[in-house]
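Asker: give me a model of this one.
(chains A and B)
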Amino acid sequence: MREKLVLIGNGMAGIRTIEEILKNDSNRFDITVFGEEPHPNYNRILLSSVLQGDTTVDDIVLNDYNWYEENQVELMTGDPVVKVDTENQVVVSQNGVERPYDKLIFATGSNPFMLPLPGADKEGVIAFRNIKDCETMIDTSKKYKKATVIGGGLLGLEAARGLLNLNMEVDVIHIADYLMERQLDEQAGKMLKEQLEAQGMTFHLQKNTKEIIGENRVERIDFTDGTSFETDLVVMAVGIKPNIALGQDAGLTTERAIVVDDFMQTSAPNVYAVGECAQHRGIAYGLVAPLYEQGKVLAAHICSEDKSLEHGYEGSLVYTQLKVSGVSVFSAGEFQDGEQTKAIRVHDEFEGIYKKVVVQDNKVIGAVLFGDTSDSTRLLSMMRNGDDISGMSKVALLPSESGEAPVSPVVAMADSDNVCDCNGVSKGDICSAITENGLTTVEQVKQCTTAGRSCGGCKPLIADLLTLTTGEEVGNAPEPMCGCTTHTHEEVVAEIRELGLTHPREVMNVLGWESDEGCSKCRPAINYYLKMVDPIKNEDDPTSRFINERVHANINHNGTFTVVPRMYGGVTNADQLRKIADVADKYNVPLLKVTGGQRIDLFGVEKEDLPNVWGDLGMRSGSAYAKALRTVKTCVGEQFCRFGTQDSIGLGVELEKKFEYINTPHKVKMAVSACPRNCAESGIKDFGVVGVDGGWELYVGGNGGVDLRGGDLFCKVKTKEEIIDTISAFMQYYRENARYLERTSHFIERVGLDLMKKVVLEDEEGRKALIERMDIALSTGKDPWKEIVENEDKQQEFKKKQVEVLS
Amino acid sequence: MGNIETVKKVEVAKLSDLSVGIGQRVNVAGEEIALFKQKDGSVKAIENSCPHKKGPLSEGIVSGDHVFCPLHDWKINVNDGKVQAPDVGCVKKYKVEIKDETIYIHLSL
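Answerer: Alright, predicted model coming up:
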């Protein structure tokens, strides 16, 4: 029979300990968790971002209900333990649930400290500690205007920032003479105050609250200096106190918190405490990194067979790295000046940067960084290792000030140094995860190693490590198409041509794909390459297309679709608009919006309505979902404009009609402007045409998206026929030589503008051949909406089945 | 747990309604279910809602035993409903029975 483990407290420290125990020995215990809040374990550190509107409650859940189920952890939410009998080893919850235990862990965390002021029990006086507090603040902001935060520490300032975002007026009351005095020195605290004042907070320093006045709800707040002001909400954020009432009742030895030894054991046998409710060597920690270190030690201890091999917990070096309302702040160790210490200071008032490194006996013992915290990892490592700095030049302590090109701090880190201090993940751990699992994104590293999963502050470092680790390898080996194969894009295209392959399954089979069926990366790429190589013979494989291209509409976050009918050159008429209006009414389209590409989005159409919507519109597909020509944006040009030198609308319509429904490696956007004022934004399009007196300029490789890039002037010609031919040849070369999902902007960077000029403008024969191949490909283009509307068989996929169950 | 579970067999589609490589969604008494016909003629049925952001899995690219969520490309096994690494989670799976070209699924009520 398995041993029984009970955890009291469903928060970050407790659940982290359980995770560590499961990692050590997943079969050893039957585990039961009691939690007071009606939620699974969530990231309390990120509560402020929920309040600030950046994330939802769901987003900050660390272990969802599935996790408990998968790991067979019994979870009792909303049901705190009310009695612990350490003699008979059993706990009882509020709802009367009884669980015997072999091992018991207290992880009851802490409670907000409420000032015992007269009136503190009035409605509208709250703490800032859990999801419910957040919800109260959000609700209050809808009805009331003025908020007061008592406490200018970290928690108070985060609450204040959140309330500002909720459009409340915020006053912050603080007892000390500068902000965050536990984490910052006076200079940094003053700089922080200036920054936050600029954001709209009002501060009242060295002020003591006397009383909270109001009938039922708070109306006014009075101070000991005789002043007072009106307020609708009071948030107390003056500190936390370890939640030890249950531990005391159970007879555990407590001081400020539950006293534990180096193995987190309390005074009672088989009872442990971890996290904010535990006091180790006189210290009760309130930051996440020490709590996780404790969890690791406790898990090892509980699972260990040979106690002599264990290393106990020896306490943590406390440091703070955080963003207070967008300002980066770091402090660690003993950062206040003392009689025995000397400090190195950098203060840049222009940039709002302040750095102080405190040195004693040739060792760094503390630091404060404000505005720029890029030196933090290195300083922390020096403090942990106790490096002797007598040999170092003073400038070298803060190398980011030396004026050299910035080098990522991860470069200087040892493999054993932690990148993610919250979860205790070292540089070495991350590097081997990247190489062994072929990780390429911060998100993947996070999922694989848990680095960056708590406060997220180390994400820039993880990104640097990815660049460093994979960057070297990309140089050595060409990148394969995806995880299913070692073949590169270029090799796959060459084999398709050489062996005359005709279907994605055949390609994967012949080229020895590791997984028979491919994946969502390679299948669409292969399907594109096949059609590109032989547009006439090779059939399209709809199962290899992303949903948008398969049903010719853009999928939305809720599973509905968006329909964008084509309006050549952005020109429409009363008849089209009437039809769009009628369709919007008939199908209850929830949102109509004008797109950036000069046409109209119909958002929120149900999948089963798509064929009927297209039929009723009687317009052609705008390809807004496709790896194809999207739209040609135009300015009005000489038809009406007093500056226009050319017929931009005319050319735009002609281009769009010619190139619609051509498949390309990625989406292609065009624009035509009639003069250099460039009202159609031709400079940031894949192909941008600008009319000038007596001719046209063609810009290529522009991009207004993720990687902003101005287009390169490719050529200047006299006639629009030359423009069309040049685009034709260029686009065909791009179709044949770019990797799938490579935009023209990246393609040009890779192959070079000179090469493109050579093959498109200088090599006459080659240009002619490119244009011919383009014309063949264009001959296969069809309006996909029309095909589906006119063919009942093709509508099968759109149908939705509704099944009633009679019981 | 001692409870008596009632399982109900419900007809959801005809085999000919489905094609290999393309999911089909059915709404069974309010439950959205995604059906996938496989190469071997079997049919898999899972909850039609990705554990990540509730994307409709029936619309995803199907590669053998896996479907890729159309919203953010999470990879889910259609046999057991498990999310593939590095993401984690799972969706409900349903038992499927095929009899004379008709597809039934087992619903627990």
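Asker: find the closest residue to chain B in the stretch 351-500 of chain A.
Answerer: Nearest to chain B in the stretch 351-500 of chain A, going by C-beta to the nearest C-beta, is A:Gln447, at a distance of 3.4 Å. C-beta here means a position set from N, CA and C on the backbone, and glycine is covered the same way.
Asker: spatially nearest residue to A:Thr224 (excluding sequence neighbours)?
Answerer: A:Asn208 (4.2 Å; C-beta to C-beta, 6 or more residues apart in numbering or on different chains).
Asker: would you agree that neighbour is in contact with A:Asp225?
Answerer: Yes: contact between A:Asn208 and A:Asp225 holds when scored by C-beta atoms under 8 Å: they sit 7.5 Å apart.
Asker: hang on, A:Ala160 in a helix?
Answerer: Yes: counting by DSSP: H, G, I helix; E, B strand; the rest coil, A:Ala160 is found in a helix.
Asker: how about the contacts made by B:Leu57?
Answerer: If you count contacts by C-beta atoms under 8 Å, 6 or more residues apart in numbering or on different chains, B:Leu57 has them with B:Gly23, B:Ala34, B:Ile46, B:Glu47, B:Asn48, B:Ser49, B:Cys50, B:Val67, B:Cys69, B:Pro70, B:Ile76, B:Val91.
Asker: between the residues you listed, which is closest to A:Thr55?
Answerer: Using C-beta to C-beta, B:Cys50 comes nearest to A:Thr55 of these, at 18.6 Å.
Asker: for that closest one, what are its contacts?
Answerer: B:Pro56, B:Leu57, B:Cys69, B:Leu71, B:His72, B:Trp74, B:Ile76, B:Val91.
Asker: quick one: neighbours of the residue lying closest to it once chain neighbours are set aside, just the number.
Answerer: Closest residue in space to B:Cys50, ignoring its immediate chain neighbours: B:Cys69 at 4.2 Å, by C-beta to C-beta, 6+ apart. When neighbours are counted by other C-beta atoms under 10 Å in any protein chain shown, B:Cys69 registers 26.
Asker: so which helix or strand takes in the most centrally placed residue in chain A?
Answerer: In chain A, the centroid-proximal residue (C-alpha atoms, centre = their mean) is A:Glu443; its distance is 8.0 Å. Using DSSP states H and E, the element containing A:Glu443 is helix A:442-449.
Asker: can you give me the distance of A:Arg505 to A:Ala273?
Answerer: Distance of A:Arg505 to A:Ala273, computed by C-beta to C-beta, to the nearest Å: 59 Å.
Asker: more neighbours: which of these two?
Answerer: Neighbour totals were compared for A:Arg505 and A:Ala273, and A:Ala273 leads with 33 against 20 (other C-beta under 10 Å).
Asker: that one reaches A:Ala107, doesn't it?
Answerer: Yes: using C-beta under 8 Å, A:Ala273 is in contact with A:Ala107, at 7.3 Å.
Asker: grab the nearest non-local neighbour of A:Thr780.
Answerer: A:Pro535 is the one closest to A:Thr780 (C-beta to C-beta, 6+ apart), at 4.9 Å.
Asker: residue ranges in the chain under the pLDDT threshold?
Answerer: Using chain A here. For chain A, residues meeting the criterion pLDDT under 70 lie at A:53-54, A:307-309, A:323-325, A:393-396, A:399-407, A:454-456, A:471-479, A:806-807.
Asker: please refer instead to chain B.
Answerer: Chain B contains residues with pLDDT under 70 at B:1-5, B:109.
Asker: which residues touch the residue of the stretch 351-500 of chain A closest to chain B?
Answerer: Contact partners of A:Gln447, counting by C-beta under 8 Å, 6+ apart, are B:Ala85, B:Pro86, B:Asp87, B:Val88.
Asker: roughly how far apart are the last one and chain A?
Answerer: Counting by C-beta to the nearest C-beta, to the nearest Å, the separation of B:Val88 from chain A is 7 Å.
Asker: again with the first one
Answerer: Taking C-beta to the nearest C-beta as the measure, B:Ala85 and chain A are separated by 7 Å.
Asker: and that residue, helix, strand or coil?
Answerer: coil.
Asker: which residue comes closest to the residue nearest to the centre of chain A once chain neighbours are left out?
Answerer: Nearest in space to A:Glu443, with sequence neighbours left out and distances taken as C-beta to C-beta, 6+ apart, is B:Pro86 at 8.0 Å.
Asker: ok, that neighbour touching A:Cys448?
Answerer: Yes: with contact defined as C-beta under 8 Å, B:Pro86 reaches A:Cys448; the gap is 5.0 Å.
Asker: give me the common contacts of these two.
Answerer: By C-beta under 8 Å, 6+ apart, B:Pro86 and A:Cys448 have these common neighbours: A:Asn437, A:Leu439.
Asker: quickly list what A:Val81 is bridged to.
Answerer: A:Ser93 (DSSP bridges).
Asker: pull the contacting residues for it.
Answerer: Shown in contact with A:Val81 (C-beta under 8 Å, 6+ apart): A:Ile8, A:Phe34, A:Val91, A:Val92, A:Ser93, A:Gln94, A:Leu246.
Asker: could you flag which of these are buried?
Answerer: A:Ile8, A:Phe34, A:Val91, A:Ser93, A:Leu246 (16 or more other C-beta atoms under 10 Å in any protein chain shown).
Asker: identify the bridge partners of the second one.
Answerer: Taking DSSP bridges, one obtains A:Ile8, A:Met76 as the residues bridged to A:Phe34.
Asker: helices of chain B, residue ranges please.
Answerer: Using DSSP state H, no helices are found in chain B.
Asker: which residue ranges form the strands in it?
Answerer: For chain B, the strands defined by DSSP state E occupy B:7-14, B:24-28, B:31-37, B:43-47, B:61-63, B:66-68, B:75-77, B:93-99, B:102-108.
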